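1. Next come a sequence and a model predicted from it.
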Amino acid sequence: MENASALIEVKNLKVNFFLDEGTVEAVRGINLNIYRNQTLGIVGESGCGKSVLAQAILRIIPYPGKIVEGEILYYRSDDDFVDLVKLNNRGKEIRNIRGSEISIIFQEPMTALSPLYTIGNQIMEAIILHQKVNKKEARELAIDILSKVGIPRPDLCIDQYPFVLSGGLCQRAVIAMALSCSPNLLIADEPTTALDVTIQAQILKLFQDLQKEFNMSVIFITHDLAVISEMTNEVVVMYLGLIVEQAPAIEIFSSPLHPYTQGLLRSVPKLGIESSERLQSIKGTVPDPFEKIKGCPFFPRCPLGDSGICKDNNPVLNTVSPDHKVACFFWDKKKINYAK
Amino acid sequence: MIPTLIMISMIAFVIIQLPPGDYLTTKIAQLQAQDELINEDLIEALREQYGLDKPIYVQYGKWIWNILHGDFGFSWEWQKPVKDVIGERILLTAIISFTATFFIYVISIPVGIFSATHKYSVGDYIITLIAFIGLALPNFLLALLLLFAGYVFFDTSLTGLFSAEFANVSWSGAKVLDLLKHLWLPVVVIGTTSTAGRIRIMRGNLLDELNKPYVVTARAKGLSETKLLLKYPVRMALNPLISGLSVLLPHLVSGATITSVVLSLPTTGPMLLGALRSQDVYLGGAFILLLSTLTVISTLLSDILLAWADPRIQYE
């Protein structure tokens, strides 16, 4: 992976939300590369900053959130790149990237589409905006993309309003909209969370097929580890605005190093393993978002936390093997612990 | 719609007749007050002439039958056919109400959008302040204030809808111009409260919609902010304003009565009030019937508009 060419380089990204009650540090210094044709999974609890990271890339962080530091380099080719952070978030340049080069799919398909316009209208809007086509050609393209995402009778479906379609069909329409201009990067922000399990499986399969077909990179954001294991080749685990562990999917599942990752894995029920062991949860809860964190963010909930070092020092993301990074002072000790 | 109108006409007719006595009792009382001799035969003759000796359903039936033939009956108080008494007043009331409606929406929608998209800015605070004053200020007080200001600062009388020389002449281009010159004051007075209310409604609705996922989706598509704003959240936020249209018109017509008295406007309000007090059945009934028809039509219009604006309604 290291020699593949990067598509997005996130460097020391920090995003704050300036609320009346105080400042929330949603993303607290993230370094991350997304390579071409890679599927990157981002896992973490609600509020860990994974969605904000995605919104930062598209520069659609909602008010009162702001990027306070860092760079997001977007490489159109190896030597043609642009720092997305520097662009005016209402300007023409970022608008030309949104929806055409980088697109995003949100969690709730039913609310992500406006009920006042047909899905055709909303898909064609993106096509007309970014491609030099007339209305009729845009309609052809929209029908074409709708059939690619597996919508039955796309020529009829295109004139339907979102509220007459099922959640699964709506999500397919949203995916079609995101893919309509063949983006280089597709960000899927919990795309299957709102769907039932059978539809979820279909949509995931669709993602895999489409990625091959469209030759794009995908960032797959989820809190569902099962989805990650199926979908991605590289996994990033986030906790409180920081990356705590990053490794290939297989390695994350076979030998997680960070106690938080281990906790996450232990809290997922497994089928077929005969065991009287109770499902474990990570003790404690995510701390108050307004609190300034000085040491390791996971320290208050960590089974291995050492008040000597962890309380006041934040561990950096260390490369412990060629493709495995972890941010923990005790990562080697815990490995033994987990095996037990 | 038709059954509604029939019901309204019946209720209106009955309610006007409901107080004890009839138009003749009022008239007799008036004559007695002027110490005139009352001739029993004359009263009987009048009663027969006006049809007041017949039972109420006969009176109603006769009334409706005549209306269907374009005859609204005879106003006892004015001693003229009702049609001649109310024709121009209904027209002027309709003109004022529709202009006020137009004024209300043309002002409140853009101002509401500005207020919502510039939340907590200086502009928003100023708009909010003015809107609350507008909501709190009764129409007649605003009318009096404007009249006073007009008199003190510009030395003109702002009452009425026409200048003296046009008041009693027939319609002409110059008269229409004169009407337009006078129209703004009653329109502002009648429209202010509703405009203020609608600014607040628009602001609140739009603020609810601005952060909805479909707006973010549209933004992620690469749409420009203005286009995005108008196509997605604004159109959604307009719904309550469109459905509010049906309530607005009767509200304006009835709310304008006091304003009309203060500004001495030749509209329906003051005359309806007089007709009800003297139990001038046919005049009052005609007013109520025509205004109700106006309301029913405006409700129908707003329903059609709403169905056009929101496809979800057509599917229900």
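-> Structure's in. What do you need? Numbers count the residues shown, from 1 in each chain, chains lettered A, B, ... in the order given.

2. For chain A, what's the nearest residue on the stretch 1-150 of chain B?
-> Nearest residue of the stretch 1-150 of chain B to chain A: residue B:119, at 9.0 Å (Cβ to the nearest Cβ). Placement of C-beta: from N, CA and C, glycine included.

3. Just the element for the closest residue to that residue other than its chain neighbours, please.
-> Distance criterion Cβ to Cβ, 6 or more residues apart in numbering or on different chains; nearest residue to residue B:119, sequence neighbours excluded, is residue B:207 at 6.5 Å. In the assignment (DSSP states H and E), residue B:207 maps to helix B:173-210.

4. Show me what that helix is packed against.
-> Under the contact criterion of 3 or more Cβ pairs under 8 Å, 6 or more residues apart in numbering or on different chains; DSSP states H and E, helix B:173-210 touches helix B:82-117, helix B:122-136, helix B:139-153, helix B:235-243, helix B:245-263.

5. With distance to chain A, mean neighbour count and mean pLDDT added, can I get these in a markdown table?
-> Below are the helices and strands packed on helix B:173-210 laid out as a markdown table (distance: least, Cβ to the nearest Cβ, whole Å; neighbours: other Cβ atoms under 10 Å in any protein chain shown; pLDDT from 0 to 100):
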| stretch | distance to chain A | mean neighbour count | mean pLDDT |
| --- | --- | --- | --- |
| helix B:82-117 | 11 | 19 | 89 |
| helix B:122-136 | 14 | 14 | 92 |
| helix B:139-153 | 35 | 15 | 86 |
| helix B:235-243 | 6 | 19 | 89 |
| helix B:245-263 | 18 | 20 | 80 |
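
6. out of the ones you listed, nearest to residue B:47?
-> Residue B:47 sits nearest to helix B:82-117 of all these, at 19.4 Å, using Cβ to Cβ.

7. Tell me the secondary structure of the closest residue to chain B within the stretch 201-340 of chain A, please.
-> Proximity to chain B, evaluated over the stretch 201-340 of chain A using Cβ to the nearest Cβ, is greatest for residue A:219 at 13.4 Å. Under DSSP: H, G, I helix; E, B strand; the rest coil, residue A:219 falls in the strand class.

8. how about residue A:293, what does it touch?
-> Going by Cβ atoms under 8 Å, 6 or more residues apart in numbering or on different chains, residue A:293 touches A:25, A:28, A:240, A:287, A:314.

9. who wins for most neighbours among those residues?
-> With neighbours taken as other Cβ atoms under 10 Å in any protein chain shown, the top of those is residue A:240, carrying 23 neighbours.

10. Grab the nearest non-local neighbour of that residue.
-> residue A:297 (4.0 Å).

11. Could you give the number of residues near that neighbour?
-> 24.

12. related to what we said a few turns ago, looking at the helices and strands packed on helix B:173-210, spot the one closest to residue A:154.
-> Nearest to residue A:154, of all the helices and strands packed on helix B:173-210, is helix B:235-243, at 25.7 Å by Cβ to Cβ.

13. Now do that closest one against helix B:82-117, angle only.
-> 160 degrees (axes from the mean of the first three to the mean of the last three Cα atoms, to 10 degrees).

14. Could you figure out how far helix B:235-243 is turned away from helix B:173-210?
-> Counting by the same axes, to 10 degrees, helix B:235-243 lies at 130 degrees to helix B:173-210.

15. related to what we said a few turns ago, who does the closest residue to the residue of the stretch 201-340 of chain A closest to chain B other than its chain neighbours form a beta bridge with?
-> Spatial nearest neighbour of residue A:219, excluding adjacent residues (Cβ to Cβ, 6+ apart): residue A:187 at 4.6 Å. Beta bridges link residue A:187 to residue A:104, residue A:219 when assigned by DSSP bridges.

16. just to revisit the earlier point, distance check, the residue of the stretch 201-340 of chain A closest to chain B against residue A:186.
-> With distances taken as Cβ to Cβ, to the nearest Å, residue A:219 is found 7 Å from residue A:186.

17. on that earlier part again, let's verify the residue nearest to residue A:240: helix, strand, or coil?
-> With three-state DSSP as the basis, residue A:297 sits in coil.
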